[in-house]
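J.: task: produce atomic coordinates for the following.
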Amino acid sequence: MSEIRLSSEKRLRLFAGRGFPELAEEVATELGIPLTPTSAYDFANGEIFVRFEESVRGCDAFVIQSHTNPVNKQIMEQLIMVDALKRASAKRITVVTPFYGYARQDKKSRGREPITARLMADLFKTAGADRLMAVDLHTSQIQGFFDGPVDHLFALPMLANYVGSKVDRTRLTIVSPDSGRVRVAERWSDLLGGCPIAFIHKTRDPRVPNESVTGRVVGDVVGQTCVVIDDMIDTAGTITKAVDALFEAGAADVIVAATHAVFSGPAVDRLKNSRASEVVITNTLPISEDQKFDNLTVLSIAPLLGRAIREVFEDGSVTSLFDGHS
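T.: This next block holds a predicted model:
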């Protein structure tokens, strides 16, 4: 009888959708592995086809896709990739979404509304995902929507370290653009030596998307360098109103820091024309050349994603990536 040898060696495979291939290449470089060759194209009617060019049987698969515009197409492509991996006998499938689409639809503000962030989690689970990895979810409760492990990564240490290296920390105030981000502002304060916190009292009409009314600044910002923090910049209306309110309240300088640069509609023009001295973001979403401007700084999220993927693959600890500490 011939001997059968069983190989228990795990194989890490990284798969990239077409949403933001440059970020996927950066992550692959961090991991020291190539992206798995993939054939993907659209049919004439818009349907998506995906096929992997190499065997994926028994591998530990990580499928990275940024939910950039057109967001529904990127999500559908990632779902199709997960389904293809499941049917090709991948051992474990981790969905990596640097920017998790529909994250703002995480609860019902009024009757007869969907909770689309939950629907997203259900779709990935149904497609065959075993694990979910995302950066700076809009609300932490989304972790509970997915029936399986969720790696919630934070860009906060990277952003805070960058800002802290640029300014005099004794004159620094962290500003939440609304009361909902005060807890995040406290984490910033902890990382930057306990600097003071302020927030801006803001109201929003749930019936009108992307519109907010900025109220008064709560906290002393006179003569301070203020850092306005948020998880995303969409149309930049909230952020630029916050910048104006801070200068009116006596701030000496204002820096904007956010993880996800959605940059819809008038966002770039608003940021260009704002009085903020610098806008600091990460590359969870692609930034086109026409979206770049002089005082925009883009930090790469690839080292964080690479470290998290390696920890998950090696069954290591990713707790330090959860709690916002490096």
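J.: so where's the longest helix in the protein?
T.: Identified as the longest helix of the chain according to DSSP state H is helix 71-87.
J.: from the contact counts, what lies against it?
T.: strand 48-52, strand 60-64, strand 92-97, helix 116-127 (3 or more Cβ pairs under 8 Å, 6 or more residues apart in numbering; DSSP states H and E). Where you see a C-beta, it was placed from the backbone N, CA and C, and this is true even at glycine.
J.: ok and that helix relative to strand 92-97, angle-wise?
T.: 170 degrees (axes from the mean of the first three to the mean of the last three Cα atoms, to 10 degrees).
J.: mind listing residues that contact helix 71-87?
T.: 15, 17-19, 38, 40, 46, 48-52, 56, 61, 63, 65-68, 93, 95, 97, 101-102, 120, 123-124, 127-129 (Cβ atoms under 8 Å, 6 or more residues apart in numbering).
J.: go again using 7 Å as the cut-off
T.: 15, 17-19, 40, 48, 50-52, 56, 61, 63, 65-68, 93, 95, 101, 123-124, 127-129 (Cβ atoms under 7 Å, 6 or more residues apart in numbering).
J.: now do that helix, average pLDDT.
T.: Mean pLDDT, helix 71-87: 98.
J.: likewise stretch 139-158?
T.: Mean predicted lDDT for stretch 139-158 stands at 96.
J.: repeat for stretch 112-125
T.: 98.
J.: how about stretch 51-64?
T.: Here the average pLDDT along stretch 51-64 is 97.
J.: rewinding a little: got a PyMOL select line for the buried ones in the contacts of helix 71-87?
T.: Selection of buried members from the contacts of helix 71-87 for PyMOL, criterion 16 or more other Cβ atoms under 10 Å:
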select buried, resi 15+17+18+19+40+48+50+52+56+61+63+65+66+67+68+93+95+101+124+127+128+129
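J.: adding distance to Glu25, write the helices and strands packed on helix 71-87 out as CSV.
T.: CSV is the format used below for the helices and strands packed on helix 71-87 (distance: least, Cβ to Cβ, whole Å):
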stretch, distance to Glu25
strand 48-52, 17
strand 60-64, 10
strand 92-97, 14
helix 116-127, 23
